[in-house]
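Asker: only geometry, no sequence info:
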C-alpha cells in the first residue's frame, strides 16, 4: 500500500493511494465549495474509472463551509468519507465532524486514528465491487 501520488496545494496536501486519498488541510485555510473543483480533478486523474474513499486527517485548525459536502458527494467515484479529528482538540472537532455529516449523503464515519479509517476505506471499496 505505498503512496502513489502527492499533490501539494496552497490550502491542502493530498496523498493518493490505491483505493483512497488522505487530505490534510493546512492551518488557517478556508475551505469553500469551489475547492471541490480541485478535489474532483485529483480524483478523476488519480482514480479514473475506480471507486475510492476520501479520508480527512484533521491535524490542523481550519474553517470549512459545510455546504462543501453537498458538492463533494456529487463526485461520481467517491464512495465515502472518513474523518480523523486531531486528538488535542478532538471533542470540538468530533462535534464539528458530526455536524458536517448532515451535509453528506454517502457513508461518512469518524475515527480516532488513521489506521482504522484506512481499514474502513478498504472495506467500503471491496464491498462496492
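Answerer: Looks like it came in fine. Please read these numbers as outputs of a predicted model, since none were measured by experiment.

Asker: residue ranges of the strands in this structure, please?
Answerer: Using DSSP state E, the strands found in the chain span residues 5-8, 12-16, 20-25, 30-31, 52-58, 63-64, 78-85, 108-110.

Asker: Save the ones you listed as TSV, and put in mean neighbour count and distance to residue 119 too.
Answerer: Every C-beta, even on glycine, is put in place using the N, C-alpha and C of the backbone. Conversion of the strands of the chain to TSV gives the following (neighbours: other Cβ atoms under 10 Å; distance: least, Cβ to Cβ, whole Å):
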stretch	mean neighbour count	distance to residue 119
strand 5-8	11	21
strand 12-16	18	17
strand 20-25	21	11
strand 30-31	15	26
strand 52-58	23	11
strand 63-64	14	25
strand 78-85	23	10
strand 108-110	19	11
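
Asker: Residue 127 is nearest to which of those?
Answerer: Across the strands of the chain, the minimum distance to residue 127, taken as Cβ to Cβ, is reached by strand 78-85, at 9.0 Å.

Asker: So what are the sheet partners of the closest one and their directions?
Answerer: Next to strand 78-85 in the sheet, as set by DSSP bridges, lie strand 52-58 (parallel), strand 108-110 (parallel).

Asker: Out of these, flag the one nearest residue 43.
Answerer: Proximity to residue 43 (Cβ to Cβ) singles out strand 52-58 among the strands paired with strand 78-85, at 6.6 Å.

Asker: Make CSV out of the strands of the chain and add distance to residue 38 and mean pLDDT.
Answerer: Converted to CSV, those look like this (distance: least, Cβ to Cβ, whole Å; pLDDT from 0 to 100):
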stretch, distance to residue 38, mean pLDDT
strand 5-8, 8, 94
strand 12-16, 8, 95
strand 20-25, 11, 96
strand 30-31, 10, 94
strand 52-58, 13, 95
strand 63-64, 14, 88
strand 78-85, 14, 93
strand 108-110, 20, 87
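
Asker: Perfect, that will be all.
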